[in-house]
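Peer 1: compute the structure for the input listed below.
(one chain, ligands or ions: 2)
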Amino acid sequence: MITGNVLSSWWNDSFLEKLENVEQLFVNGNADSSSLFLPCCIMLLVFLWVIALIWVAKDISVRTKSTVAFLWALFCILIFTPLFGLLIYLVLRPKKTLDEQLKRREALETTVVECGSCGEINLINNKFCTGCGDKLKIKCRECSKEFSSSYGYCPFCGAPNIE
Ligand SMILES: [Zn+2]
Ligand SMILES: [Zn+2]
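Peer 2: Ligands and ions are numbered 1, 2, ... in the order given. Next comes the predicted model:
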């Protein structure tokens, strides 16, 4: 021991004791566990915090391209701790991912059609507009297939819509 050494302070002593504890743990497996409890808790907390930040950063970037939302998500974890921050984030985050939003928009575009006369949204199979009664489908003069009356050209053969 270096007790009595002028340079050694109380900090050095307690630090050396901690080191001896770690050594005992590895050699005998019976260190004074109370002195290791706090550092282990802090390490675990820091680890959880970092993992939560990485997860949130990844999750928010597949839901929105907004930089403000990205920073908000990270601050939420930093300020409200991983536990409460994650809960708040999960409640407030955008419900759908960008991929899901795109699929939904594509699905809508293939199931509805806008009336060229009044702008009413109609199901794609409707023959007449539910808003104004106008014809929604016309028969192509070239290939006689039906297509939306708002199209400029037949989507099947390219003949112009002259109605
Ligand atoms: Zn209409
Ligand atoms: Zn045609």
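Peer 1: host element of L38?
Peer 2: For L38, the host element (DSSP states H and E) is helix 33-61.
Peer 1: let me see the mean pLDDT of that helix.
Peer 2: For helix 33-61, the mean per-residue pLDDT is 90.
Peer 1: buried sites along that helix?
Peer 2: Across helix 33-61, burial judged by 16 or more other CB atoms under 10 Å covers A52, L53, V56, D59, I60. Using the backbone N, CA and C atoms, a C-beta is placed for each residue, glycine as well.
Peer 1: the helix or strand that comes right after it to helix 33-61, inter-axis angle?
Peer 2: Tracing the chain C-terminally past helix 33-61 and defining elements by DSSP H and E, one meets helix 67-92 next. When axes from the mean of the first three to the mean of the last three CA atoms, to 10 degrees is applied, the directions of helix 67-92 and helix 33-61 differ by 110 degrees.
Peer 1: now do helix 67-92: which elements does it pack against?
Peer 2: Packed against helix 67-92, as judged by 3 or more CB pairs under 8 Å, 6 or more residues apart in numbering; DSSP states H and E, are the following elements: helix 33-61.
Peer 1: give me the helices and strands touching the helix it packs on, please.
Peer 2: Counting by 3+ CB pairs under 8 Å, 6+ apart, helix 33-61 packs on helix 10-27, helix 67-92.
Peer 1: re earlier: tell me the one of the buried residues of helix 33-61 nearest ligand 1?
Peer 2: Of all these, ligand 1 sits closest to I60, with 40.8 Å by CB to the ion.
Peer 1: neighbours around the residue nearest to that closest one when sequence neighbours are not counted, how many?
Peer 2: In space, and not counting its chain neighbours, I60 is closest to A73: 4.2 Å by CB to CB, 6 or more residues apart in numbering. Neighbours of A73 under the rule other CB atoms under 10 Å: 23.
Peer 1: and for the one 5 residues further on?
Peer 2: Summarising burial for L78: neighbours were counted as other CB under 10 Å, giving 14.
Peer 1: mind listing what it touches?
Peer 2: Applying CB atoms under 8 Å, 6 or more residues apart in numbering, we find L78 in contact with L53, G85.
Peer 1: what about 10 Å?
Peer 2: For L78, the contact set (CB atoms under 10 Å, 6 or more residues apart in numbering) comprises W49, A52, L53, V56, G85.
Peer 1: what subset of those is also close to ligand 2?
Peer 2: The subset of the contacts of L78 within reach of ligand 2, by CB under 5 Å from the ion, is empty.
Peer 1: which one of those sits closest to G119?
Peer 2: Within the contacts of L78, proximity to G119 (CB to CB) peaks at V56, which comes in at 41.0 Å.
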